[in-house]
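Participant: structure for the following, please:
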Amino acid sequence: MATIDDVAGLARQLPGVTEGERHGNRTWFVARQAFAWERPFTKADLRRFGEQTPPAGPILAVRVEDLGEKEAVLGAHPDAFFTIPHFDGFSAVLIQLEEVSAQAVREAVTDGWLACAPSGPGEPVSQPLSHERGGRPVTWSLEQAYDTYPRIEEEFSAALDESLRPRGPDLLFDLVASLGLAPGSVALDVGCGEGRQAVALHRRFGFRVTGIDPVRRHIEVARAAAGQDGPAFEVGTAGSIPAGAGTADLIWCRDVLVHVPDLPRAYAEFRRVLRPAGHALVYQMFGSELLEPGEAAWLWATMGVVPANADPARTEAAIAAAGLRIDERLEIGSEWGEWAEEHHGSASRKLLHVSRLRRNRAVYLERYGQAAYEMMLGDCLWHVYAMIGKLSRRVYLLSCDRPDL
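Facilitator: Next up is the predicted model:
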């Protein structure tokens, strides 16, 4: 048996470790990366356990080297080490501290530290990893480039050809299913576009769905596609939702809020229309530290993105100010792009289109015009940047922080 204080003592013995908090939970960092942290179950986690009793007591999350190591660790310690759906595809395991031996938790914390600490010879652990480039650059050498690396290049390439089992867009519907909402529940699709997702929510779950969008053409197309027995569709915006207070069980908002000029007002509207036990599911793309300022300025202007809304900190501040609570925060990163490439080859097609747009620019400009050319290039780069980490997908599952309001 171990305690969180035991973990803190072990972590403090390792070089370069600092202790802080994330989401109100004690967390230990090395090179600015969290390698161990308290991980109490969220409401969504508990729902996924169903009738199964969740592991009791304090739970610790620790990083591992990779997904292969994760499987090995789980197999070696089946009584105390485990995972949950939220950690699918993530190189970390959970530990039930009441069931783990002191030696096992010591090894786990140390291995988590090793997975995140800088590894170069003589490299100080206080220096942050330049993770976007795979760590600090290795000094180039003739031997490394033309002798050592060629010996493993083929094996390395074969390993990269193996799927990492990325999650696809159906993850959003899985999250909705985990809420256990009954057929007939009221759902609002805010920013519904031509209504495909509103129709999917209606057909999959039997919800009473209303799609809301500011573009009248979208509403007309959606109504025609849905038919009389499908969802309803109304003109509206995220900042002015045509629904009464406390009437919605679910708000679905996918890839919309980057365009909203008043983000706090949108989240305040979500809070207004949700029932006390309601939920909001928000999917959004954010810029990362890899996106160069010039790239960001062009892309945001071309795609109609409010620059501040592409900052996760601004989003989470708006969520909190509206009286909403983050129950789950899922970092999707490049997974959807990998999934699309593995299933349809669509990611590489976008890259090919970028190449052709740049090489044959004059012809496309003459044929389709400047506005269409810029929009097509922006859309293609949107997907390419998401694949290489310049943009990052994130999902929030929200609920009312103060149901009595």
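
Participant: go through the protein and flag its longest helix.
Facilitator: Determined from DSSP state H, the single longest helix within the chain is helix 370-387.

Participant: how about the strands in the chain?
Facilitator: Assigned strands in the chain, in chain order: 17-22, 25-30, 33-38, 59-63, 81-82, 92-96, 186-190, 208-213, 232-235, 248-254, 274-287, 324-333, 391-400 (criterion: DSSP state E).

Participant: so F35 sits against T110, correct?
Facilitator: No: between F35 and T110 there is no contact, the gap being 9.6 Å when judged by CB atoms under 8 Å. For every residue, glycine as well, the C-beta is placed using N, CA and C.

Participant: for stretch 231-241, what is the average pLDDT?
Facilitator: Regarding stretch 231-241, the rounded mean pLDDT is 97.

Participant: low pLDDT regions in the stretch 51-200 of the chain?
Facilitator: Applying pLDDT under 70 to the stretch 51-200 of the chain picks out residues 119-138.

Participant: hang on, the earlier thing: which of F35 and T110 has more neighbours?
Facilitator: Using other CB atoms under 10 Å as the criterion, F35 and T110 rank with F35 on top: 26 against 17.

Participant: okay, now the domains of this structure?
Facilitator: 4-123, 171-334+389-400 (automatic domain parsing).

Participant: what's the closest of the strands of the chain to L179?
Facilitator: For those, the distance to L179 is smallest for strand 274-287, at 5.7 Å, taking CB to CB.

Participant: list the buried ones in the closest one?
Facilitator: Using 16 or more other CB atoms under 10 Å as the burial criterion, the residues of strand 274-287 that qualify are L274, R275, G278, H279, A280, L281, V282, Y283, Q284, M285, F286, G287.

Participant: can you check stretch 39-58 too?
Facilitator: Quick answer for stretch 39-58 (16+ other CB under 10 Å): R39, F41, T42, A44, D45, R48, P55, P58.

Participant: could you do stretch 75-86 as well?
Facilitator: Buried residues in stretch 75-86, counted by 16+ other CB under 10 Å: H77, A80, F81, F82, T83, I84, H86.

Participant: from these, which land in helices?
Facilitator: Using DSSP H, none of the buried residues of stretch 75-86 sit in helices.

Participant: export those residues to CSV and append columns for distance to A238.
Facilitator: Shown next, in CSV, are the buried residues of stretch 75-86 (distance: CB to CB, whole Å):
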residue, distance to A238
H77, 46
A80, 45
F81, 42
F82, 38
T83, 35
I84, 31
H86, 27
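
Participant: coming back round to it: which of the domains of the chain sits most buried?
Facilitator: domain 171-334+389-400 (a mean of 18; mean count of other CB atoms under 10 Å).

Participant: quick one, helices of the stretch 201-350 of the chain?
Facilitator: 216-226, 263-273, 293-303, 312-321, 335-344, 346-359 (DSSP state H, counting those that start in this stretch).

Participant: let me have these in CSV, adding mean pLDDT and distance to Y368 as columns.
Facilitator: Formatted as CSV, those follow (pLDDT from 0 to 100; distance: least, CB to CB, whole Å):
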stretch, mean pLDDT, distance to Y368
helix 216-226, 96, 20
helix 263-273, 97, 33
helix 293-303, 95, 15
helix 312-321, 93, 34
helix 335-344, 93, 24
helix 346-359, 96, 10
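
Participant: so which of the ones you listed comes closest to P242?
Facilitator: Relative to P242, the nearest member of the helices of the stretch 201-350 of the chain by CB to CB is helix 263-273, separated by 9.4 Å.

Participant: so what touches that closest one?
Facilitator: 188, 190, 238-241, 243-248, 251, 253, 257, 260, 280, 306, 308-309, 314-315, 318-319, 321-324, 398, 400, 405 (CB atoms under 8 Å, 6 or more residues apart in numbering).

Participant: in TSV: the domains of the chain, plus distance to S346.
Facilitator: Shown next, in TSV, are the domains of the chain (distance: least, CB to CB, whole Å):
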stretch	distance to S346
domain 4-123	20
domain 171-334+389-400	13
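
Participant: tell me which of the ones you listed sits nearest to Y146.
Facilitator: Short answer: domain 4-123, nearest of the domains of the chain by CB to CB, at 21.3 Å.

Participant: returning to what we had before: chain center to the longest helix of the chain, what's the gap?
Facilitator: Averaged C-alpha coordinates place helix 370-387 at 21 Å from its chain's average position (CA atoms, centre = their mean, to the nearest Å).

Participant: what's the answer for stretch 350-362, then?
Facilitator: The chain centroid and the centroid of stretch 350-362 are separated by 29 Å under CA atoms, centre = their mean.

Participant: list the buried residues for that stretch?
Facilitator: For stretch 350-362, by 16+ other CB under 10 Å, it's K350, L351, H353, V354, L357.

Participant: which of the residues you listed lies closest to H343?
Facilitator: Among these, K350 lies closest to H343 (CB to CB), at 14.3 Å.

Participant: for that closest one, give me its contacts.
Facilitator: K350 touches D379, C380, H383, V384, counting by CB under 8 Å, 6+ apart.

Participant: ok, P150 next?
Facilitator: Not one residue lies near P150 by CB under 8 Å, 6+ apart.

Participant: for the residue most central in space within the chain, which residues make a bridge with it?
Facilitator: By CA atoms, centre = their mean, the chain has its centre lying nearest to E331, at 2.2 Å. E331 has these beta-bridge partners by DSSP bridges: R394.
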